[in-house]
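**Student:** Give me the fold of what follows.
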Amino acid sequence: MATFASDPAEIGGLGEVGIDDVEAGRTLAAYAASQGGGGAVLFTQNESPAVAERAEGFRAGYDEFGGPDDSIVVEQSVSNSQLGAA
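**Tutor:** Below you'll find the model as predicted:
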């Protein structure tokens, strides 16, 4: 049995199918820069290692692929309790 985004070892599973979160963020930054980039607003969730790693990758990718007018203009960490709040 393989699961997505959780470790199945506790229930006798063999492995997990996942992604490289840093590379996912870097890829998104490359795409954003290729589409004109500009000022990016980056919401992170430091309580989630996967989300924090994607933000790390986005920062690195925007530095690598972005042009002179591309920057992260606002970065804000959103807690679990704020997700989906109206």
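**Student:** use CA for all of it now, contacts and neighbours both
**Tutor:** OK.
**Student:** Just name the shakiest helix or strand of this protein by mean pLDDT.
**Tutor:** Least confident helix or strand, the chain: strand 2-4 with a mean of 48, by mean pLDDT, DSSP states H and E.
**Student:** and Glu47, what does it touch?
**Tutor:** Neighbouring residues of Glu47 by Cα atoms under 8 Å, 6 or more residues apart in numbering: 79-80.
**Student:** just the one 3 residues further on next, same as before
**Tutor:** For Ala50, the contacting residues are Asp21, taking Cα under 8 Å, 6+ apart as the criterion.
**Student:** Are we agreed that it is in a helix?
**Tutor:** Yes - under DSSP: H, G, I helix; E, B strand; the rest coil, Ala50 falls within a helix.
**Student:** any idea how far Asp21 is from it?
**Tutor:** Relative to Asp21, Ala50 is positioned 6 Å away (Cα to Cα, to the nearest Å).
**Student:** Which pLDDT value goes with the residue lying closest to Asp63 once chain neighbours are set aside?
**Tutor:** Leaving out its chain neighbours, the residue that sits closest to Asp63 by Cα to Cα, 6 or more residues apart in numbering is Ser71, at 7.8 Å. Note on Ser71: pLDDT of 93.
**Student:** again, but for the one 4 residues further on
**Tutor:** Looking at Glu75, its pLDDT reads 92.
**Student:** So which residue is smack in the middle of the protein?
**Tutor:** Centroid-nearest residue in the chain: Arg54, 2.2 Å away (criterion: Cα atoms, centre = their mean).
**Student:** tell me how far the one helix or strand that one maps to is from the chain's mean position?
**Tutor:** Secondary structure assignment for Arg54, by DSSP states H and E: helix 49-65. The chain centroid and the centroid of helix 49-65 are separated by 6 Å under Cα atoms, centre = their mean, to the nearest Å.
**Student:** which parts of it are buried?
**Tutor:** Neighbour-count burial for helix 49-65, counted by 16 or more other Cα atoms under 10 Å, picks out 50-63, 65.
**Student:** What strand or helix carries the nearest residue in space to Gly66 that is not next to it in sequence?
**Tutor:** Spatially, and ignoring its direct neighbours in sequence, Gly66 is nearest to Ala33 (5.1 Å; Cα to Cα, 6+ apart). Ala33 is part of helix 21-34 when elements are defined by DSSP H and E.
**Student:** Noted, bye for now.
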